[in-house]
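J.: sharing a sequence plus its predicted fold:
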Amino acid sequence: MFEIADFYGYCRRNHVDVIPYVGIPHPGATIRDGEDHAVFLDFSQIQSTRLLRGVCCHELGHLATGALHKVDSPYELAERSEYRANRWVAEHFLRKEDFQQAFDDGCREIWELAEYFEMPERDVQAALQYWTNCRGIKFHMA
């Protein structure tokens, strides 16, 4: 499971600046300038530790995959970058084995899974959809 320390450790090892910044359109954003990367976090939009975990985990997905896009490019789609970052999160922090363990422990609803993983519901939903719709995993319920 993801820990915020995973995000900050990656950023420290890879010389990625983490910058608090109020006023960006989303709670977090990753940018690249040449070979340099930075993650901007708008803490005015991050109301809970669970949301912070989700934002940091997602931005780590962008950093690890290089799934970034130019804002004004007609050729690079934001959806493609988002999909790649979400897929990486599922494969590294919301793995199929983790979901199976959560189901074995009695979780059935998205809100229960979100509490189990201490992640936002939308991130858990995206990972679950990845495993079931894209990878064809059929989870068994205990």
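T.: Done, it's in. Numbers count the residues shown, from 1 in each chain.

J.: all contacts plus neighbour counts: C-alpha atoms, from now on.
T.: Fine.

J.: C-alpha coordinates for whichever strand or helix holds residue 9, CSV please?
T.: Taking DSSP states H and E as the definition, residue 9 sits inside helix 4-13. Taking Å, rounded to 0.1, in the frame of the first residue of the first chain, the C-alpha atoms of helix 4-13 are listed here in CSV:
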residue,chain,number,x,y,z
ILE,A,4,3.3,9.5,1.5
ALA,A,5,6.9,8.7,2.4
ASP,A,6,7.1,6.8,-0.9
PHE,A,7,6.3,9.9,-2.8
TYR,A,8,8.7,12.2,-0.9
GLY,A,9,11.4,9.5,-1.1
TYR,A,10,11.1,9.2,-4.9
CYS,A,11,11.2,13.0,-5.2
ARG,A,12,14.3,13.3,-3.1
ARG,A,13,16.1,10.5,-4.9
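
J.: mind listing what's buried along stretch 86-96?
T.: Buried residues in stretch 86-96, counted by 16 or more other C-alpha atoms under 10 Å: 86, 87, 88, 89, 90, 93, 94, 95, 96.

J.: surely the fifth one meets residue 125?
T.: No - under the contact definition of C-alpha atoms under 8 Å, residue 90 does not touch residue 125, with a separation of 10.1 Å.

J.: for the spatially most central residue of the chain, give its distance to residue 100.
T.: Among the residues of the chain, the one closest to the centroid is residue 58, at 2.3 Å (C-alpha atoms, centre = their mean). Residue 58 sits 21 Å away from residue 100, going by C-alpha to C-alpha, to the nearest Å.

J.: please save the CA atoms from stretch 53-67 in CSV.
T.: Output of stretch 53-67 as CSV, limited to C-alpha atoms (Å, rounded to 0.1, in the frame of the first residue of the first chain):
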residue,chain,number,x,y,z
ARG,A,53,-2.3,10.3,-0.2
GLY,A,54,-4.3,10.1,-3.4
VAL,A,55,-2.8,13.2,-4.9
CYS,A,56,0.8,12.2,-4.1
CYS,A,57,0.3,8.7,-5.3
HIS,A,58,-1.2,9.9,-8.6
GLU,A,59,1.5,12.5,-9.2
LEU,A,60,4.1,9.8,-8.4
GLY,A,61,2.4,7.8,-11.3
HIS,A,62,3.1,10.8,-13.6
LEU,A,63,6.7,11.1,-12.5
ALA,A,64,7.5,7.3,-12.7
THR,A,65,5.9,6.9,-16.1
GLY,A,66,6.8,10.2,-17.7
ALA,A,67,3.1,10.5,-18.5
